[in-house]
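>>> Sequence and predicted structure below; questions after.
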Amino acid sequence: MDNRRIVVLYQGKTIELEKSLTVKQLLNELRLNPLEHLVQVDGKLYTEDRLIRAGSRVVIHKVTSAG
C-alpha cells in the first residue's frame, strides 16, 4: 500500500485518494449519506469529525435499520 494515499473499499470497489480528509468530507465526496454508512479506518470505527490520514485503509459499510 502506498503510504501517501488513502485506500477506500466500498461495495467491492477500491478507490484511492491523494489527500487526508475527514470522514464527513469523504462521504460527501462519494455522495454517500452519513446516516446510512459506517466508516472503519484501519480497523476502528470513525465518527464524521475524525481525520483520515494518508496511508490509511478505509472500509465503508452500508447499514440499514429494520424497524
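Done, it's in.

>>> I figured residue 47 was touching residue 23, is that so?
Yes. Residue 47 is within contact range of residue 23, at 6.6 Å (criterion: C-beta atoms under 8 Å). Placement of C-beta: from N, CA and C, glycine included.

>>> Give the residue from these two that has the larger number of neighbours.
residue 23 (22 against 11; other C-beta atoms under 10 Å).

>>> can you pull the contacts of the more buried one?
With contact set as C-beta atoms under 8 Å, 6 or more residues apart in numbering, residue 23 has these partners: 34, 39, 41, 46-50, 52.

>>> mind redoing it with 10 Å?
Residue 23 is in contact with 34, 37-39, 41, 45-52, 58, 60, counting by C-beta atoms under 10 Å, 6 or more residues apart in numbering.

>>> do the same with residue 52
Here residue 52 is in contact with 6, 8, 17, 19-23, 25-26, 39, 41-42, 46, 58 (C-beta under 10 Å, 6+ apart).

>>> Who are the contact partners of the residue nearest to residue 30 when sequence neighbours are not counted?
Once flanking residues are discounted, residue 30 sits nearest to residue 10: 7.1 Å by C-beta to C-beta, 6 or more residues apart in numbering. Residue 10 makes contact with 26, 30, 32, 37, 39, 58-62, according to C-beta under 10 Å, 6+ apart.

>>> tell me the phi and psi of residue 42?
phi 50, psi 40 (degrees, to the nearest 10).

>>> hang on, it packs against residue 55?
Yes. The criterion here is C-beta atoms under 10 Å, and residue 42 meets it with residue 55 at 9.0 Å.

>>> ok so, going back, wait, which of the contacts of residue 52 is closest to residue 66?
Each of the contacts of residue 52 was checked against residue 66 using C-beta to C-beta; the closest is residue 39, at 21.3 Å.

>>> returning to what we had before: in helices only, show me the contacts of residue 10.
residue 26 (DSSP state H).

>>> okay if I get the contacts of residue 10 as a markdown table plus pLDDT and neighbour count?
As requested, these are exported to a markdown table (pLDDT from 0 to 100; neighbours: other C-beta atoms under 10 Å):
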| residue | pLDDT | neighbour count |
| --- | --- | --- |
| 26 | 97 | 24 |
| 30 | 95 | 13 |
| 32 | 96 | 15 |
| 37 | 96 | 16 |
| 39 | 98 | 24 |
| 58 | 98 | 19 |
| 59 | 98 | 14 |
| 60 | 98 | 20 |
| 61 | 97 | 13 |
| 62 | 95 | 11 |
